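In: no sequence for this one, just the structure:
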């Protein structure tokens, strides 16, 4: 305020307009100072809050460094130096915060809260006193001179006295406060700034004392180490970026969910595998859900692990299990695993054809316990190689009938059919699987339903579709031709799927059926043969028939007497098979046995029970037939004896009659000469001859 030093206190009693005008100038100045000091207070309070936050953050950092020292042992010394530095720094910041609170925030807060508020209060009190004085003067001015009232006059005068005194006193204090503000506004700015600068200088002095040469050397070494690590990191990042580019180029075909198997061949020698599979979970009788989980093999166990789980859990024990591809609704690449006891089975879906085949081969190798050997991959390669060489599908008609020839007729030596027979003494577990005494060596497997029994039995219906005729599986007549199964007591129909057949050496041991099942399932997995022909199996007392479910044409007919052995799989009750004994084409004495394997809808035991019941019924029928024929033969002999006996009695009767005639004729001619003869008729002579023959037969009888 140039030209104005202070308000004149002596002129407060007069309360002239000039004094009031001068008071307005000082009030505007006080208002401007109050607004400025509020802004300065907020700025300095931010400095103080930031310093407090920095002090607290530094202290927390030192505390965290102390805890990190326990986790990283190889950096213990380095972390300790940093912790010590941050601890000292946090102490310095705490001292700085205290100094800022005392030297900077306290003066400006006192000026703002005490001096400026005092001026505002005095201003309000002065305004009230001025208004009261004006009101008292107005009342005094309205006193009437005609009707004077001493009491009213005295009260008005007293009121003017009191209000004027109050206004005068208040105005003097107000002017004094405004005059004092002209001095306080100078020191109110300088004291906080001085306190801030002194606190910062003290802080810098403490920092310079703590930053000694040893700490500077330590920081220099740490900076060098950081630069070395950064250079190494940049080099490593560059290498990783190059690796990523190479992997992107190499993995481009793998982005397709079902890659080309020609570019990525199937590895059939695995004994360990891991990957994501979809597992089928039944939610009702016909409904089901599929859950995607991560599966991996661990020894002889199949483990599953959901996304987010810490560890995997046991899904199934796959030692001695059976695995095969299945058709599951509208999903592709599905396969079923059945446990060794047949109590648990799982249907899983692979992502691609390659994964599908590798999972089947891997589980098949683990099921054979190849993983227990010293070189599991090498042994698995030998097993699969021997299976590929020995087990070859023969779809042509000529190859099917070549398989029926005896083993000694110009058959080249090949590898063993049993996949475990090629291992020798390398694995005792695999050596136990060899059943040479049961399965004929070098025998191809038939994967379609063409049976040689139709050619060996002239009376049977041909297996091909050209010679087949429609058959009603329930024994009803059709087309005027009497069905050959109408007279059978037993008629049971089952839905089956043909898996395969092969020649066997033995037909008196159920193990031959189990071994045939194992080899056929392994061959299907190796050759990727997953399609199966569905048929209706009709069991009667005379034969077993495979009927086309669409055309009702008989595909195959197996005479019941030729079925010498039948059994269900010990673990998977859906699999069953039977051994058919047939005669060779060239010689009836040359017998061969063929084992047929089927899959049913959980009715393997029922089918075997039905076949057993049919054979019992056929056996009882045969015994009854033989007993009936024997009884008829006895009756024919008795009838013949009765005829002979009646004929002999007739001859004896004729002889007696002839004897009487001879005696009667000889009595009147007793006196005649000896030369006389009795002439008999030709009929009597013939009767006598017959009588002699009758006597001879009677003596022989």
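Out: It's in. All figures in this text were calculated on a predicted structure; none of them were measured in a lab.

In: quick one: the helices in the stretch 1-150 of the chain, in order.
Out: With DSSP state H, counting those that start in this stretch as the criterion, the stretch 1-150 of the chain has helices at 17-71, 76-100, 106-110, 116-141, 150-210.

In: is residue 498 in a helix, a strand, or coil?
Out: strand (DSSP: H, G, I helix; E, B strand; the rest coil).

In: roughly how far apart are it and residue 244?
Out: 52 Å (Cβ to Cβ, to the nearest Å). C-beta: built from backbone N, CA, C; applies to glycine.

In: which of the two has more residues huddled nearby?
Out: With neighbours defined as other Cβ atoms under 10 Å, residue 498 and residue 244 compare such that residue 498 has more, 21 against 10.

In: what's opposite that one in the beta bridge?
Out: residue 533, residue 598 (DSSP bridges).

In: now render the helices of the stretch 1-150 of the chain as a markdown table, adding mean neighbour count and mean pLDDT.
Out: Compiled in a markdown table, those are given as follows (neighbours: other Cβ atoms under 10 Å; pLDDT from 0 to 100):
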| stretch | mean neighbour count | mean pLDDT |
| --- | --- | --- |
| helix 17-71 | 14 | 86 |
| helix 76-100 | 17 | 83 |
| helix 106-110 | 16 | 88 |
| helix 116-141 | 15 | 88 |
| helix 150-210 | 16 | 86 |
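
In: in a markdown table: the ones you listed, plus distance to residue 270.
Out: Shown next, in a markdown table, are these (distance: least, Cβ to Cβ, whole Å):
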| stretch | distance to residue 270 |
| --- | --- |
| helix 17-71 | 40 |
| helix 76-100 | 46 |
| helix 106-110 | 79 |
| helix 116-141 | 87 |
| helix 150-210 | 65 |
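
In: show me the domain layout of the protein.
Out: With domains defined by the TED database, the chain comprises 11-118+181-213, 274-388, 491-619.

In: adding distance to residue 131, write the ones you listed out as a markdown table.
Out: Shown next, in a markdown table, are the domains of the chain (distance: least, Cβ to Cβ, whole Å):
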| stretch | distance to residue 131 |
| --- | --- |
| domain 11-118+181-213 | 13 |
| domain 274-388 | 78 |
| domain 491-619 | 108 |
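
In: neighbours of residue 633, how many?
Out: By other Cβ under 10 Å, neighbour count at residue 633 equals 10.

In: ugh, typo on my part, it should be residue 547
Out: 22.

In: same check, this time on the one 10 residues further on
Out: Counted by other Cβ under 10 Å, the residues lying close to residue 557 total 24.

In: am I right that it is in contact with residue 545?
Out: Yes: at 5.4 Å, residue 557 counts as touching residue 545 under the criterion of Cβ atoms under 8 Å.

In: identify the contacts common to these two.
Out: Residues touching both residue 557 and residue 545 (Cβ atoms under 8 Å, 6 or more residues apart in numbering): there are none.

In: isn't residue 156 up against residue 140?
Out: Yes: Residue 156 is within contact range of residue 140, at 4.9 Å (criterion: Cβ under 8 Å).

In: next, show the common contact partners of the two.
Out: By Cβ under 8 Å, 6+ apart, no residue touches both residue 156 and residue 140.

In: so residue 315, which state does it fall into?
Out: strand.

In: just list the residues touching residue 514, thanks.
Out: By Cβ under 8 Å, 6+ apart, the contact set of residue 514 is 567, 569, 570.

In: can you list these in CSV and add distance to residue 304?
Out: Formatted as CSV, these follow (distance: Cβ to Cβ, whole Å):
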residue, distance to residue 304
567, 33
569, 26
570, 26
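
In: which of these has the weakest pLDDT?
Out: pLDDT across these is at its lowest for residue 570, which sits at 79.

In: just checking, that residue touches residue 322?
Out: No: contact criterion Cβ under 8 Å: residue 570 and residue 322 do not qualify, at 10.4 Å.

In: got the contact list for residue 324?
Out: Counted by Cβ under 8 Å, 6+ apart, residue 324 has contacts 335, 336, 360, 521, 524, 525.

In: wait, a helix at the fourth one?
Out: It stands for residue 521. Yes: checked against three-state DSSP, residue 521 lies within a helix.

In: isn't it up against residue 321?
Out: No: judged on Cβ under 8 Å, residue 521 makes no contact with residue 321 at a distance of 11.0 Å.

In: what mean pLDDT does the helix or strand hosting residue 582 have?
Out: Assigned by DSSP states H and E, residue 582 falls within strand 575-583. Taken as a whole, strand 575-583 has an average pLDDT of 87.

In: equivalent analysis for stretch 250-257, please.
Out: Rounded mean pLDDT across stretch 250-257 is 78.

In: buried stuff in that stretch?
Out: By 16 or more other Cβ atoms under 10 Å, stretch 250-257 has no buried positions at all.

In: list of residues touching it?
Out: With Cβ under 8 Å, 6+ apart, stretch 250-257 has contacts from 259, 260, 263, 264, 351, 352.

In: not counting sequence-adjacent ones, nearest residue to the fifth one?
Out: So the one you mean is residue 351. Nearest non-adjacent residue to residue 351, counting by Cβ to Cβ, 6 or more residues apart in numbering: residue 257, 5.5 Å away.

In: quick one, phi/psi of the one you found?
Out: As for residue 257, its main-chain torsions (degrees, to the nearest 10) stand at phi -60, psi -30.

In: isn't residue 523 up against residue 445?
Out: Yes: at 5.2 Å, residue 523 counts as touching residue 445 under the criterion of Cβ under 8 Å.

In: looks like residue 273 contacts residue 360 (just checking).
Out: No: if you go by Cβ under 8 Å, residue 273 and residue 360 don't touch, sitting 10.3 Å apart.

In: the two: which has the busier surroundings?
Out: Comparing residue 273 with residue 360 by other Cβ under 10 Å, the one with more neighbours is residue 360, at 26 against 18.

In: could you list the low-pLDDT ranges of this structure?
Out: 1-5, 69-74, 211, 213-214, 386-442, 450-488, 584-589, 602, 667-701 (pLDDT under 70).

In: strands along that one, start to end?
Out: For the chain, strands defined by DSSP state E occupy the ranges 274-282, 288-298, 301-305, 313-317, 322-328, 331-338, 345-349, 492-504, 533-539, 543-547, 554-559, 563-568, 575-583, 591-600.

In: mind checking how far the longest one is from the chain centre?
Out: Relative to the centre of its chain, strand 492-504 is centred 31 Å away, using Cα atoms, centre = their mean, to the nearest Å.

In: got the buried residues for it?
Out: 492, 494, 496, 497, 498, 499, 500, 501, 502, 503, 504.

In: I'd like to check the angle between it and strand 563-568, please.
Out: Here strand 492-504 runs at an angle of 110 degrees relative to strand 563-568 (axes from the mean of the first three to the mean of the last three Cα atoms, to 10 degrees).

In: please name the residues that touch residue 646.
Out: Applying Cβ under 8 Å, 6+ apart to residue 646 gives no contacts.

In: what's the answer for residue 318, then?
Out: 297, 300, 301, 302, 337, 339, 363, 366, 367.

In: at 7 Å what do you get?
Out: Residue 318 is in contact with 300, 301, 302, 337, 363, 366, 367, counting by Cβ atoms under 7 Å, 6 or more residues apart in numbering.

In: ok, and the most crowded of the residues you listed?
Out: residue 366 (28 neighbours).

In: hmm, residue 297 and that one touching each other?
Out: Yes: contact criterion Cβ atoms under 7 Å: residue 366 and residue 297 qualify, at 6.2 Å.

In: how close does residue 245 sit to residue 264?
Out: From residue 245 to residue 264 the distance is 21 Å (Cβ to Cβ).

In: wait, I meant residue 530
Out: 20 Å.

In: higher neighbour count, those two?
Out: residue 530 (17 against 12).

In: identify the bridge partners of the nearest residue to that one once chain neighbours are set aside.
Out: Closest residue to residue 530 apart from its sequence neighbours, by Cβ to Cβ, 6+ apart: residue 325 at 4.0 Å. Residue 325 has these beta-bridge partners by DSSP bridges: residue 335.
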